[in-house]
Each structure stands twice: as C-alpha cells, then as structure tokens.
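Asks: sequence and predicted model, in that order:
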Amino acid sequence: MSLSFDATLCRALARELDRRLHGRRTRAVFFDRRTPALQLVLADGALRFRLGPADAGLDLIDGDPGDPPAAARTLPCRVGAVEALADERILRVHLQRVRGSVRHRKLVIELAGNRANAFLLEGEQGVVRHALRSRPDGPRPLMVGRPWTPPPPSTRLGVGGAAELGREGFAALLDELRAAAAVDEAALRSGLLRRLAWASRLNADALAALVVAGRDDDAWALWTALADPPEGGAGILEHPTAGPHPYPMPLPGHAFRPTGSLLEAFLATAPAPADGAAPRPRADAGALLPGALLERLEAA
C-alpha cells in the first residue's frame, strides 16, 4: 500500500529536514523521470524523494554520496530553510548559490499522490528551470520557463492554527457539523475534511470519533497538535485503511510505534523490493548512493 502525505506530516517533515539540512552544501540535483524521484546530492550525503504512485517516501542518509548520476544537474549551493506550505502537501527547500549571478534557488516538492511533482526554481520570481513532470494544462500550468504558482489558498477554517480559529470558533464549527451530520460519524468526518484545515484522511476518523463522543476538549487538543505537530513524537501510525504510515504523533484509537525520527519511520515503511531487485539501502549503510553507483555496489 502506497504512503500518502497530509499537511501535518509535511509540516513536521519540513522541520526535521530543516534541522538536518540547514547550512549543508549541495552538489547536484537529479530529476529521475523513470522512477520517478528527485535526488538532491549533498557534499556529505543525499536526499531522495520517491514520488511514484506505488512508492512514495524519502530517504536521507549521511555519508559520502559518491559521484552524482551522469544526468544530474550541477547545483553548488548551501541549504537554507526547509518549509511546508500551510494546510498543503508542498515542501520548499531554499538554496543559496555559492557562485553565479543568480543567487536564489528553490526546490519545490509537491507530495499530492498521483499529482506528485518536483521543480527547481530560479530567481526572485521562482521561474521553473527544471521539472520532474511538466503540466502545461489546467488552472496551474507548471512548465519550464514559467513561474511556479502555488495552489489557490485553502478556504478551510483554521489554516493559521489555534491562534486564527480560536477555541470558540472551533466549538462553533463542531456544533454546525454535528447538526448537519445528525451525529453520523461518517458524515461528520466528511464535514471535517471539507471545512477544517489540517484534517486529512489519515486523521479525520480520530477527530470525528472524539466529536461524536462529545469529547470536544480532546478534539481541540488533538486538532491544535495537528496544526502544530509536537517535537519528538514521530512514529509509525497503524491506520486501518491506509496501512502503516510515518506520522509525527499518535492518534486516538490507532496503534502507534514510536521511532527516533520521521526519517526512520519512512525507512521502516518503505515497500519491499520486487523479487530479484536489489534491497533498499539501510540507514546504517553510511550513504544513499546515486543511481548507477549504487547498483554497481549492490551487485558486487
């Protein structure tokens, strides 16, 4: 079962990557359209986002990354902030070039299931210089030579978290949803997904169960944590329909296995290789090696 991302997971992941990557030097970026994946080759490691519909996730393993793949684009930069867009499944990695006339670059990784994508942006306007998949049609044309545009702003309540919605606003929304759903948990869950920021298919059932049970204070505490995930709570969420998922915090009613970090949780939930394929590298293997070099070493 493929992993899926939600806004809570993306926010917590951005914070973890910011701690691990900030200030580190990059060497190259590789848009692997065959897999598909995005690989950022560091001077002392590599970060790889797996963006396929049947294999979503990421690996960050420290160590000598070896030579970048032949098709990689040279990218001599230092990593600045890593951030997630509020109530979206989008990460931005800010890059500061160490030489050259254009100083500012960004990697944008969109983690929206079948629409997952990645872009390298350049300049203050964020013009797309490289794309994993070009999408020239639709309300957001995404293609080389045009500025990258984010999705339309979320219209759900509470995008800014507890400070924006407030306890009274949250209570009023719950009363409205309860009246419309007639205390039907499935209908209430749908209402939460439609109206409440940070609700997702991974966490809405836990929220809905608390609301139906009249545990509004517990629902408020859970929602505020979803909007601002706590540090140090990462693990593997045993979701009844989505399967094992990395998640930054436990959810009521779901089994949860703590891990040392979200990155460890991603490694533990990575799909097993197909029969005859080389095993996925372990976190203690020392490095996530690019492309052909990894294949040569694993075949040795």
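Replies: Cool, got the structure.

Asks: lowest-scoring secondary structure element of the protein by mean pLDDT?
Replies: Scoring the helices and strands of the chain by mean pLDDT, DSSP states H and E places helix 291-299 at the bottom, with a mean of 34.

Asks: what separates whichever strand in the chain runs longest from the chain centre, distance-wise?
Replies: Among the elements of the chain assigned as strand by DSSP state E, the one spanning the most residues is strand 73-84. Averaging C-alpha coordinates over strand 73-84 and over its chain gives two centres that are 16 Å apart (Cα atoms, centre = their mean, to the nearest Å).

Asks: repeat for stretch 65-81
Replies: Using Cα atoms, centre = their mean, we find the averaged C-alpha position of stretch 65-81 to lie 21 Å away from the chain's own average C-alpha position.

Asks: list the buried ones in that stretch?
Replies: When burial is assessed from 16 or more other Cβ atoms under 10 Å, stretch 65-81 yields the following buried residues: 65-66, 68-69, 72, 75, 77-80. The way it works is simple: take the backbone N, C-alpha and C, and place the C-beta from them, glycine included.

Asks: where in the stretch 151-300 of the chain is pLDDT low?
Replies: Screening the stretch 151-300 of the chain residue by residue with the criterion pLDDT under 70, one finds the ranges 272-300.

Asks: all strands in it, in order from the N-terminus.
Replies: Counting by DSSP state E, counting those that start in this stretch, the stretch 151-300 of the chain has strands at residues 235-239, 243-247, 255-258.

Asks: and residue 94, that one's in a helix?
Replies: No: with DSSP: H, G, I helix; E, B strand; the rest coil as the criterion, residue 94 is assigned strand and is not in a helix.

Asks: now do the contacts for it.
Replies: With contacts taken as Cβ atoms under 8 Å, 6 or more residues apart in numbering, residue 94 has the following neighbours: 79-83, 104-106.

Asks: closest to residue 269 among these?
Replies: Minimum separation from residue 269 among these (Cβ to Cβ) is found for residue 82, which lies at 21.0 Å.

Asks: pretty sure that closest one is touching residue 23, no?
Replies: No: with contact defined as Cβ atoms under 8 Å, residue 82 does not reach residue 23; the gap is 11.3 Å.

Asks: more neighbours, those two?
Replies: Neighbours around residue 82 and residue 23, counted as other Cβ atoms under 10 Å, are more numerous at residue 82. The numbers are 22 against 8.

Asks: now do the same for the more buried one: its pLDDT.
Replies: With respect to pLDDT, residue 82 has a value of 98.

Asks: quick one, helices of the stretch 151-300 of the chain?
Replies: Assignment of helices within the stretch 151-300 of the chain using DSSP state H, counting those that start in this stretch yields the ranges 162-181, 185-195, 204-212, 216-227, 262-268, 291-299.

Asks: any idea which of those helices gets closest to residue 153?
Replies: For residue 153, the closest of these is helix 162-181, at 12.9 Å, according to Cβ to Cβ.

Asks: out of everything not next to it in sequence, what's closest to residue 131?
Replies: Of all residues beyond its chain neighbours, the one nearest residue 131 is residue 119 (5.1 Å), with distances taken as Cβ to Cβ, 6 or more residues apart in numbering.

Asks: you'd agree residue 88 is in a helix?
Replies: No: if the criterion is three-state DSSP, then residue 88 is coil and not within a helix.

Asks: I'd guessed it sits against residue 152; true?
Replies: No: if you go by Cβ under 8 Å, residue 88 and residue 152 don't touch, sitting 10.4 Å apart.

Asks: the more surrounded of these two?
Replies: Neighbours were tallied for residue 88 and for residue 152 using other Cβ under 10 Å; the higher tally belongs to residue 88 (21 against 8).

Asks: and the angle from the strand or helix carrying residue 19 to helix 216-227?
Replies: Using DSSP states H and E, residue 19 maps to helix 7-21. Angle between the axes of helix 7-21 and helix 216-227 is 40 degrees (criterion: axes from the mean of the first three to the mean of the last three Cα atoms, to 10 degrees).

Asks: could we number from 455 for the rest of this?
Replies: Sure, I'll start counting at 455 from here, so that last one is helix 461-475.

Asks: partners of the helix or strand following helix 461-475 in the sheet?
Replies: The first helix or strand that comes after helix 461-475 along the chain, using DSSP H and E, is strand 479-486. The strands that strand 479-486 pairs with in its sheet are strand 491-496 (antiparallel), strand 527-538 (antiparallel) (by DSSP bridges).
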